[in-house]
Structures are given as structure tokens and as C-alpha cells.
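Visitor: Below are the sequence and a predicted model for it; my questions follow.
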Amino acid sequence: MSIFTLALYLIRSLPSEGYFYYSTGLSIALISLQLFSGWLAPSIVFFLPVSTNQKEFIADSILLACVLGMLGGGSGFVASLLVISDIYGACTVGLICVSQSIYVTLNAVFQADRKVIPQLGMSLLFSIVLPITAYFSLDAFESDYRLALLAFAASYFVASLAAMLICLRGGLFSWTINLSPRAIENLLVIVRYGAPLSLWAVAMLLMSSGEKLFLQSTPQNSAYLSAKDLLIGAASLLSMPVIMAAQPLIFRAHRDGRDYVALLMTCTRLTSVIFGGFWCLVEFYGARMVLHYTQKDLSSILNEVSIAYFAIYCSCLAIYFQKPFEIKSHTQELAKISISVAASALLAFLLFSEEYGALGAAAIFLVAQIVYILVLIVRANLPISILIQPVVVIVCTIVVGNVLFEASMLVVGGYGEVIGAMVWISLYALCLCLWVYTILRQMQKT
């Protein structure tokens, strides 16, 4: 939520060129993170519950996160220096890589160990520190994108430090450097499972953000990137709780010999209801809300924003379709698939982004996600219904939302648009809640 609100504030506060550099720098930091240390998190979630010595495993994981974070920071610094040509901006990107590496690793430790309260506290602290640091730094000094990036690094460092103290006080690990055979074995297990996932993560980021390397810094492209960042932030806010809750359940179902495919289907239906409901809100009031809060008119890029939204939806579905590869430790095959699709997408960005601009970039993003999903379903031998069901659900959700909107405006819209909107939101929210409740009941049965 804090990233979403910060994006709204920065779109309003930073000039178009400044926001373009901010968004590009953040993308470089994410790519460097995933390449060097982002794969640690799924490895921890997968292996920590079955580790014979969890304290040593956690200590080894954190030590590895620190080392890889510094390597990722150096990589992010060099890449930012080449793309942005600003040494101070490159330094902030490097700091984000280091701090986020530790943050993501500790978050995975809490998730794998089912420490819900510390995990929520860690996220809450980050969500509080980030907007406060960004707002006061940008308000006290001139509006500079480097201050926004520095706020990210500071927030990750503060939240990571608090999480580290919680781990030490809770006895989750003892901070001792141990190079025993068991420690080396832990590191090898983590690397063998997780290293291919780093290539997968980078490929996913290149598919979703690769156009930033090729688009020109024009007002229309900057508006598209800012709108896309808002949508990604909103999508993370909506879908991440489902993903975080479902991932341990899917792994446990596989270990227990239960049908995890049914659980995957339930999660995709739930994700489709959420995205369908949010799309209706974006469809009717999204451009108006952005104009009100940021003074940026998105009316000229509505087609691009629509395409990007459904590409983001497909990328969230793909997270579930790739779970069979993760739970069966077929991460190398997953990396090969993602790299192949990402390379094709990058080539398309290179060939068409300059000529077709934001519209071409959004279309390539959508096509790449669809191709990736289809390849995953075929290679994992999943039933085709796992794709048909979420498509039907999101279409029905959008249709119901549009019908209720037209009916509400027709019946009570004469009393004022605000009254009509309130009636529509109330009725539609009730329908969505009932639908989500039904899906969650089905999830309990699986």
C-alpha cells in the first residue's frame, strides 16, 4: 500500500523526466536483486520447514543474503550508471539492492516459520517509514528522484534491522559465522534449488519492465510508465496476500500427497474475482482519481493502460501455473522457459518500442505473458480447465460490475452521480464478498 501511495505522490511531485529516471532506477534495482539474491526467498520457504537444524539454516541463509546483496548492489550501481548516467542515483540503486536482499530473506524466514505477527510487523514498519521518509525528504529539499530512491533503501534497512532483532530475541538463529560441513551443505542445497529461480525472476522482470530500456523519455511514455507502476502497486496490494497465504499451503499439499492442482484452481479463481472487481473501479473512476490526486491526465493512454492491466493479471496467474515446477524442484526447466519468452519479448521491445511507443510496449507485455502461461500449462501437463476457469470468472466479474453500474445509474443516478456510485459500489462489493466467501469455502475443502 505504501508503494502505491508513494507512486501517486511522486507522479504529482516529480517532473516527467524525474519520474522516468525513478521508475527506471527502481526496475534496475529489482532486476539486480532477483539476479543475485531474490531466489533465496523461495528456497527458504521450500527447505526451512524440513531442515533438521533450522537455526543454522537461517543463519547461513542470512549470511548468504548479505554477501549476495552486496554483489547485487555493485551490479545495480554499474547498470544504473550506464542507463541513468548519474553517480548519485546509481549509489541509491546499489543501496536498495543491499537492503532489499536482507529484507526479502528475513521476510521469507518468517513466512516459512509461520511467524505471522513479526512478518506483518516488518511489512507495516516498512510501509510507515517509506512514505514518511520520502515525503519529508522531498518536502525539505528539492523534488529529486534520488531522494525517493534513498527513501526506499532507508525503509528496507530499518525494517530489516527490526526483523533481525526479533529473530535474535526469539532465538530463531545465533549469529555465528560457521563454515562447518553442515553449513556448506545448507548453502549448496539453497543454491541448487534457488539459483535457477534467479534467472526466472530476472526474466519476469524483463518481460514486465524491459520496455524502460528502450522507450524514449517523452511525456506520453512517462505517463504510461507512471500509470503502469500504479497498476502494479495496486495489483501487488490485491494479489500478494493470496499468494503469500497460498504458497505454503500448496507446498504442504504436495508433501502430504493431496491434490494441489485443485488448490491452484481455487487460487486462480480468487485472483480473477479480485482483478475483475478492481478493473471495474479502474474502468469507471480510475482516470478521474489519478487526475484528482496527481493532476496527470491519462485520457490519451487509456488503451495502453487497459492492455497493461490485463498483462499484469496474466503475470499473477502465471505465479500459480509455475508452482508445479517449484514444488517438484524443476526450477532449471522453469528458468529455461522464462528466459526464452523474456528474450523474445526483449527483441520485440527493441524492434517495435521506438516505432509504436507505449502501445507497442503494452501489447508486447501482454502477448509475452500469454505465451508464458500457455507454455507453462503444456510443460507442466496441467488441465486446460485451469486456464478456462479464471478467464470465465474474470469475464463474469466484469460483466456483473458493468450491469450493476448501468442499473445503479439508471435507477438512482438521477439523484446525483455520487449517490449512484455509492449504490453501485455497495451492491458490487456485496456480490464480490459473497463470491470470495464461496471460493474460500471451496479452498477449505481442498
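Guide: Great, that's in hand.

Visitor: what about the residue lying closest to residue 235 once chain neighbours are set aside, which helix or strand?
Guide: Leaving aside its chain neighbours, residue 235 sits nearest to residue 312 (4.9 Å; criterion: CB to CB, 6 or more residues apart in numbering). Yep, even glycine has a C-beta here, placed from its N, CA and C like the rest. With secondary structure defined by DSSP states H and E, residue 312 is part of helix 302-321.

Visitor: Flag every buried residue along that helix.
Guide: Within helix 302-321, the residues scored as buried using 16 or more other CB atoms under 10 Å are 304-321.

Visitor: Stretch 156-166 too?
Guide: Those would be 156, 157, 158, 159, 160, 162, 163, 164, 166, for stretch 156-166 by 16+ other CB under 10 Å.

Visitor: Please name every helix or strand in contact with the longest helix along the chain.
Guide: If you go by DSSP state H, the chain has its longest helix at helix 331-379. Counting contacts by 3 or more CB pairs under 8 Å, 6 or more residues apart in numbering; DSSP states H and E, helix 331-379 is packed against helix 181-209, helix 219-255, helix 302-321, helix 323-327, helix 385-412.

Visitor: now it: how far from the chain's centre is it?
Guide: Here helix 331-379 is found 17 Å from its chain centre; the criterion is CA atoms, centre = their mean, to the nearest Å.

Visitor: can you check stretch 131-144 too?
Guide: Worked out by CA atoms, centre = their mean, stretch 131-144 lies 25 Å from the chain centre.

Visitor: so how far is residue 30 from the spatially most central residue of the chain?
Guide: Of all residues in the chain, the one closest to the mean position by CA atoms, centre = their mean is residue 236, 5.1 Å from it. Note on residue 236: its distance to residue 30, by CB to CB, to the nearest Å, is 12 Å.

Visitor: With residue 266 instead?
Guide: 29 Å.

Visitor: likewise residue 24?
Guide: Between residue 24 and residue 30 the distance, using CB to CB, works out to 11 Å.

Visitor: now residue 229
Guide: According to CB to CB, residue 229 stands 12 Å off from residue 30.

Visitor: cool, and residue 368?
Guide: When residue 368 is compared with residue 30 (using CB to CB), they lie 17 Å apart.

Visitor: I'd guessed residue 167 sits against residue 107; true?
Guide: No - in this structure, residue 167 is not within contact of residue 107 by CB atoms under 8 Å, at 11.4 Å.

Visitor: Mind listing the shared neighbours of these two?
Guide: Among the neighbours of residue 167, none is also in contact with residue 107 (CB atoms under 8 Å, 6 or more residues apart in numbering).

Visitor: Compute the inter-axis angle for the longest helix of the chain and helix 181-209.
Guide: Helix 331-379 and helix 181-209 are oriented at 50 degrees to each other (axes from the mean of the first three to the mean of the last three CA atoms, to 10 degrees).

Visitor: If you tally nearby residues, what's the number for the residue nearest to residue 13 when sequence neighbours are not counted?
Guide: Spatial nearest neighbour of residue 13, chain neighbours left out: residue 143 (5.0 Å); criterion: CB to CB, 6+ apart. Neighbour count for residue 143, taken as other CB atoms under 10 Å: 16.

Visitor: mind pulling up the phi and psi values for residue 143?
Guide: phi -70, psi 100 (degrees, to the nearest 10).

Visitor: let's number from 703 now, not from 1
Guide: Sure, I'll start numbering at 703, so the last one becomes residue 845.

Visitor: Next, the contact list for it, please.
Guide: Applying CB under 8 Å, 6+ apart to residue 845 gives the contacts 715, 716, 717, 720.

Visitor: one more time with 10 Å, if that's ok
Guide: Going by CB atoms under 10 Å, 6 or more residues apart in numbering, residue 845 touches 712, 714, 715, 716, 717, 720, 721, 839.

Visitor: Which one (most neighbours) among the residues you listed?
Guide: residue 721 (25 neighbours).

Visitor: In which helix or strand does that residue reside?
Guide: Residue 721 belongs to helix 718-735 when elements are defined using DSSP H and E.

Visitor: Measure how far that helix is from the centre of its chain, please.
Guide: That offset, for helix 718-735, works out to 15 Å (CA atoms, centre = their mean).

Visitor: mean confidence score for the helix or strand following it?
Guide: Later in the chain than helix 718-735, the nearest helix or strand by DSSP H and E is helix 742-749. Averaged across helix 742-749, the pLDDT comes to 76.

Visitor: Please put the alpha-carbon coordinates of helix 742-749 into CSV.
Guide: C-alpha atoms of helix 742-749 as CSV (Å, rounded to 0.1, in the frame of the first residue of the first chain):
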residue,chain,number,x,y,z
LEU,A,742,16.9,-17.1,-1.7
ALA,A,743,13.3,-16.5,-0.5
PRO,A,744,11.6,-19.4,-2.3
SER,A,745,14.5,-21.7,-1.3
ILE,A,746,14.0,-20.8,2.3
VAL,A,747,10.2,-21.3,2.1
PHE,A,748,10.8,-24.7,0.5
PHE,A,749,13.6,-26.1,2.7
